[in-house]
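**Q** Below are the sequence and a predicted model; questions follow.
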Amino acid sequence: MDNKHLTSQSGHAIINGFYEGNGSRRALIYKNDHGHHQVEMWEENKLRETRDLRDHSIHYAEDCAENWVTRVITKAGVRPHISEDK
(Lines give C-alpha, C1' and ligand atoms only; values in the text may rest on other atoms or scores of the structure.)
Protein backbone atom coordinates (compact mmCIF):
# COMPACT_ATOMS: atom_id res chain seq x y z
CA MET A 1 0.00 0.00 0.00
CA ASP A 2 1.33 3.44 -0.91
CA ASN A 3 2.07 5.87 1.92
CA LYS A 4 0.38 9.04 0.73
CA HIS A 5 -0.41 12.22 2.62
CA LEU A 6 -3.93 13.54 2.75
CA THR A 7 -4.16 16.67 0.65
CA SER A 8 -6.42 19.68 0.51
CA GLN A 9 -8.59 20.58 -2.48
CA SER A 10 -5.63 22.68 -3.69
CA GLY A 11 -3.16 19.80 -3.27
CA HIS A 12 -1.42 20.94 -0.06
CA ALA A 13 -0.58 18.45 2.70
CA ILE A 14 -3.12 18.49 5.53
CA ILE A 15 -1.73 19.52 8.93
CA ASN A 16 -4.84 18.66 10.93
CA GLY A 17 -8.49 17.80 10.41
CA PHE A 18 -11.66 18.16 12.46
CA TYR A 19 -14.82 16.13 11.87
CA GLU A 20 -18.40 16.45 13.08
CA GLY A 21 -19.72 13.33 14.81
CA ASN A 22 -22.38 12.64 12.18
CA GLY A 23 -19.93 13.27 9.34
CA SER A 24 -21.85 16.19 7.85
CA ARG A 25 -19.07 18.75 8.41
CA ARG A 26 -15.29 18.63 8.31
CA ALA A 27 -12.51 21.18 8.36
CA LEU A 28 -9.01 20.65 6.99
CA ILE A 29 -6.02 22.80 7.92
CA TYR A 30 -2.97 23.29 5.70
CA LYS A 31 -0.38 25.91 4.78
CA ASN A 32 -0.56 27.45 1.31
CA ASP A 33 2.43 28.22 -0.92
CA HIS A 34 3.04 31.46 1.01
CA GLY A 35 3.11 29.71 4.40
CA HIS A 36 -0.30 31.01 5.51
CA HIS A 37 -2.62 28.71 7.40
CA GLN A 38 -5.85 27.99 5.56
CA VAL A 39 -8.95 26.10 6.63
CA GLU A 40 -11.16 24.31 4.14
CA MET A 41 -14.73 24.13 5.46
CA TRP A 42 -16.72 21.22 4.06
CA GLU A 43 -20.40 20.40 4.51
CA GLU A 44 -22.27 17.48 2.92
CA ASN A 45 -19.10 16.71 0.90
CA LYS A 46 -19.09 20.18 -0.67
CA LEU A 47 -16.36 22.75 -0.12
CA ARG A 48 -18.23 25.73 1.35
CA GLU A 49 -15.28 28.06 2.06
CA THR A 50 -11.51 28.22 2.25
CA ARG A 51 -10.63 30.68 4.98
CA ASP A 52 -7.22 32.39 4.72
CA LEU A 53 -5.77 32.88 8.19
CA ARG A 54 -2.59 34.77 7.34
CA ASP A 55 -0.83 36.26 10.35
CA HIS A 56 -2.50 33.72 12.65
CA SER A 57 -1.06 30.71 14.48
CA ILE A 58 -1.88 27.04 14.03
CA HIS A 59 -3.86 27.31 17.28
CA TYR A 60 -6.08 30.00 15.76
CA ALA A 61 -6.59 27.81 12.67
CA GLU A 62 -7.51 24.86 14.89
CA ASP A 63 -10.03 27.01 16.78
CA CYS A 64 -11.55 28.09 13.47
CA ALA A 65 -11.79 24.48 12.28
CA GLU A 66 -13.34 23.34 15.56
CA ASN A 67 -15.83 26.22 15.44
CA TRP A 68 -16.91 25.10 11.96
CA VAL A 69 -17.55 21.47 12.89
CA THR A 70 -19.29 22.35 16.19
CA ARG A 71 -21.47 24.90 14.35
CA VAL A 72 -20.27 27.98 16.19
CA ILE A 73 -19.69 29.17 12.62
CA THR A 74 -23.12 28.51 11.16
CA LYS A 75 -22.62 29.54 7.53
CA ALA A 76 -19.47 29.60 5.46
CA GLY A 77 -18.50 33.06 4.27
CA VAL A 78 -20.58 34.74 6.98
CA ARG A 79 -18.75 36.03 10.00
CA PRO A 80 -20.90 36.82 13.03
CA HIS A 81 -21.14 40.44 14.10
CA ILE A 82 -19.64 40.95 17.54
CA SER A 83 -21.40 43.65 19.49
CA GLU A 84 -19.25 46.32 21.11
CA ASP A 85 -21.95 47.07 23.73
CA LYS A 86 -20.50 48.08 27.06
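**A** Nice, I can see it.
**Q** So for Val78, what pLDDT did the model give?
**A** We have a pLDDT of 63 for Val78.
**Q** One more: Tyr19?
**A** 95.
**Q** Hmm, Arg26 and it touching each other?
**A** Yes - under the criterion of C-beta atoms under 8 Å, Tyr19 makes contact with Arg26 at 4.8 Å. Quick note: C-beta positions are derived from backbone N, CA and C, even for glycine.
**Q** Between those two, which is the more surrounded one?
**A** Arg26 (17 against 14; other C-beta atoms under 10 Å).
**Q** and that one, which of the three is it?
**A** Three-state call for Arg26 (DSSP: H, G, I helix; E, B strand; the rest coil): strand.
**Q** still on that earlier bit, pull up the overlap in contacts between Tyr19 and Arg26.
**A** Shared contacts of Tyr19 and Arg26 (C-beta atoms under 8 Å, 6 or more residues apart in numbering): Val69.
**Q** Please identify the helix or strand for Tyr60.
**A** helix 58-69 (DSSP states H and E).
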